[in-house]
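Novice: My questions concern the predicted model and sequence given below.
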Amino acid sequence: MGYVSAVPVPQPRAARAGAAAASSGGRRSLAVALLLGALGATVVLLSAGQIWAEGTASVGGGTVPVEADGGTVTGVPTALAIVGLAALVAVFAVRRAGRTLVSGLLALSGAGAALAAFLGASDTDALDAEAARITGDTAASVSGLTHTAWPYVAAAGALLILAAGLLALRYGKSWPTMGGRYERSGTPRAARKAPAAGVAADRPEDLWKALDRGEDPTHES
């Protein structure tokens, strides 16, 4: 009659529960980061096409309306939003140190776009240049200058990109990688064969399964 050796066996169910909880948290942070990054970039790109500043310029004894959209005021938020989108996708194509670098780029893109949009909210040069173009007078200036809320909307969208980058820096290591289930050769990894009945198992979960079947996992046939 065989005896089961007194070998301490870890609790596989608790370990699996912990791994499942960590995986669930990783999936949630991934979904939130994707939502924030995509939404933020969309808001920035849409805001850049709206009127940021407006006023009037004197010409021929009268006045003409002058306005400048976000792209005329500054092209930095648009460019950085596109960079942020590219970085958001690239996060899944790299791993380890590369993923950290790309996540940092994503966060910096959001921060830079937010700063540029905030500074653009008080810009007057773009409107003066537009007034000079319309009137043909390089010395023309704008009166009744007002700024809309769109620069601040763009800044808010950029902050969402920044938040996505910070999430990637914090939780990105637990996110999946493109093609992670394949080896470098491009072929699927071979599935591990289950240990045959009566053969000693080398994993804690196999030991428990053998005990449940009423077998001695330490006995070799």
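Specialist: That came through, no problem.
Novice: which sections of this structure are below the confidence cut-off?
Specialist: Across the chain, the ranges flagged by pLDDT under 70 are 1-26, 60, 139, 178-208, 210-212, 214-221.
Novice: so where do the strands sit in the chain?
Specialist: For the chain, the strands defined by DSSP state E occupy 51-59, 62-69, 142-147.
Novice: Against which helices or strands is the last one packed?
Specialist: When you say that, I think you mean strand 142-147. Judged by 3 or more Cβ pairs under 8 Å, 6 or more residues apart in numbering; DSSP states H and E, the packing partners of strand 142-147 are strand 51-59, helix 125-135. Every C-beta, even on glycine, is put in place using the N, C-alpha and C of the backbone.
Novice: Just send these back as CSV, with distance to residue 84 and mean neighbour count too.
Specialist: Shown next, in CSV, are these (distance: least, Cβ to Cβ, whole Å; neighbours: other Cβ atoms under 10 Å):
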stretch, distance to residue 84, mean neighbour count
strand 51-59, 20, 20
helix 125-135, 23, 18
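Novice: Can you lay out the ones you listed as a markdown table showing distance to residue 167?
Specialist: As requested, the helices and strands packed on strand 142-147 are exported to a markdown table (distance: least, Cβ to Cβ, whole Å):
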| stretch | distance to residue 167 |
| --- | --- |
| strand 51-59 | 29 |
| helix 125-135 | 34 |
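Novice: Mind checking these for the one nearest to residue 176?
Specialist: strand 51-59 (39.5 Å; Cβ to Cβ).
Novice: C-alpha coordinates for stretch 136-153, CSV please?
Specialist: In CSV, the C-alpha atoms belonging to stretch 136-153 read as follows (Å, rounded to 0.1, in the frame of the first residue of the first chain):
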residue,chain,number,x,y,z
GLY,A,136,-3.7,93.8,-47.1
ASP,A,137,-2.2,96.1,-44.4
THR,A,138,0.7,94.5,-42.5
ALA,A,139,0.2,97.0,-39.7
ALA,A,140,-3.5,96.1,-39.3
SER,A,141,-4.6,95.1,-35.8
VAL,A,142,-7.7,93.6,-34.4
SER,A,143,-10.1,95.3,-32.1
GLY,A,144,-12.9,93.8,-30.0
LEU,A,145,-10.8,90.7,-29.6
THR,A,146,-12.6,87.7,-27.9
HIS,A,147,-11.6,84.1,-27.3
THR,A,148,-14.0,81.2,-27.3
ALA,A,149,-14.1,78.2,-25.0
TRP,A,150,-12.7,75.8,-27.6
PRO,A,151,-9.1,76.1,-26.6
TYR,A,152,-10.1,74.9,-23.1
VAL,A,153,-12.1,72.1,-24.6
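Novice: what does that stretch contact?
Specialist: Here stretch 136-153 makes contact (Cβ atoms under 8 Å, 6 or more residues apart in numbering) with 43, 47, 50-59, 63, 66, 70, 73, 117-118, 120-122, 124, 127-128, 131-132, 134.
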